[in-house]
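Visitor: Sequence plus predicted model, see below.
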Amino acid sequence: MNAGRLHAVLEHIKQDYEKNEVLGRLKATVDALSASISSVTEANATAFRSALSELYAALDRSPTASATPSELEIINEIGASDKVGLGLRAKIENTLDSNNVTPANALAELQKILEVITHFQEVVLAMVDGFEALKVPYEALEPGESEIGVLVPWAVVHSSLEGVQKELHRFDNALKVIGELVEDNAESPEIRSVGSSTLQVFTNSTAGIALCFAAAIERLCALYKQILEIKLLRKQVREKCLPENVSASIEAHEEQVAEKGIDKIVDAKRATHWFANSAAFFSRAN
């Protein structure tokens, strides 16, 4: 995990809690439920529903709902996925919607959640203050900036320098190819930051290259999913002891899908290159 990125994530959580008054609204919900149990009246029931609705609305506004993949990775690593935003909302909903929950049990569970969130907020505030006191850089993208990151488990690179070198070489080559296609720039990208919980490398990028890279990954994942489905079908054919020519036909189709899919992705990248060059030409002409 990169300390600068952790600093940024904790600062965002701190601002989320403060701006959306998460702790105060959660406490108000617990108090309203307690009052509703102590005195069963329509007014108290309405007050609880209103407090719960306001809490849910606050959690829905959490910026963590639009967090980047690298930010979500950090949120998961620090065990905060059910302590912020939609994750916390889901935890509360599951508590209240459980089939065998009683009002008293629901209150006890919400009180536990309140204690956890109160402690978590205290830790976040202390960590942010500590980062600022120790002058740990705050790492976040400014408006208009783009980056491309790769996260690789250490097991993939066999926890060795040679494995890291090979993986980074592949990453570098991919970015060079896309850089040349989109902007006629085949230079090795500048490293923005490095993390350590997994192999994490983030490089500076222009918006065009980042968009092209993301589109290529998305299409490759879709193609891979399609190929896996065909492989599963081929396995099922073998298990049912159907004629070998049936399995062979499916395997041939699998290879054809892979080749055509890769060709389509390459053609799309070439089209992007043509469009970018055309746009640049007309921009200079004007």
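Guide: In hand now; what should we look at? Numbering: from 1, shown residues only.
Visitor: Quick check: what element follows the helix or strand containing residue 52 along the chain?
Guide: According to DSSP states H and E, residue 52 maps onto helix 42-60. Once the chain leaves helix 42-60, the next helix or strand it forms, by DSSP H and E, is helix 69-77.
Visitor: who touches the residue most central in space within the chain in this structure?
Guide: The chain has residue 69 as the residue nearest its centroid, 2.9 Å off, counting by Cα atoms, centre = their mean. Shown in contact with residue 69 (Cβ atoms under 8 Å, 6 or more residues apart in numbering): 149, 151. Where you see a C-beta, it was placed from the backbone N, CA and C, and this is true even at glycine.
Visitor: Model confidence at it, what's the number?
Guide: Predicted confidence (pLDDT) for residue 69: 79.
Visitor: related to what we said a few turns ago, show me what the helix holding residue 52 is packed up against.
Guide: helix 22-38, helix 85-97 (3 or more Cβ pairs under 8 Å, 6 or more residues apart in numbering; DSSP states H and E).
Visitor: Quick one: those helices as TSV, columns for mean neighbour count too.
Guide: Converted to TSV, the helices and strands packed on helix 42-60 look like this (neighbours: other Cβ atoms under 10 Å):
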stretch	mean neighbour count
helix 22-38	18
helix 85-97	17
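Visitor: sorry, back to before: buried ones in the helix holding residue 52, by neighbour count?
Guide: Of the residues in helix 42-60, 44, 47, 48, 51, 52, 54, 55, 56, 58, 59 count as buried by neighbour count, 16 or more other Cβ atoms under 10 Å.
Visitor: Give me the residues contacting that helix.
Guide: For helix 42-60, using Cβ under 8 Å, 6+ apart, the contacting residues are 20-22, 25-26, 28-29, 31-33, 35-36, 84-86, 88-89, 92, 96.
Visitor: try 6 Å this time
Guide: Helix 42-60 has contacts (Cβ atoms under 6 Å, 6 or more residues apart in numbering) with 20, 22, 25-26, 28-29, 32-33, 35-36, 85, 88-89.
Visitor: Over to stretch 164-171?
Guide: Under Cβ under 6 Å, 6+ apart, the answer for stretch 164-171 is 150, 152, 157.
Visitor: Now go through the residues you listed and say which are in helices.
Guide: Secondary structure assignment (DSSP state H) places none of these within helices.
Visitor: ok, so what distance separates the closest residue to residue 96 other than its chain neighbours from residue 20?
Guide: Distances taken as Cβ to Cβ, 6 or more residues apart in numbering place residue 106 nearest to residue 96, at 5.6 Å, with adjacent residues excluded. Applying Cβ to Cβ, to the nearest Å, the value for residue 106 to residue 20 is 23 Å.
Visitor: What of residue 107?
Guide: 23 Å.
Visitor: what's the answer for residue 65, then?
Guide: Taking Cβ to Cβ, one finds residue 65 at 12 Å from residue 20.
Visitor: on that earlier part again, save the contacts of helix 42-60 as TSV, and put in distance to residue 215 too.
Guide: Output for the contacts of helix 42-60, formatted as TSV (distance: Cβ to Cβ, whole Å):
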residue	distance to residue 215
20	33
22	36
25	39
26	40
28	45
29	42
32	48
33	47
35	53
36	51
85	27
88	33
89	31
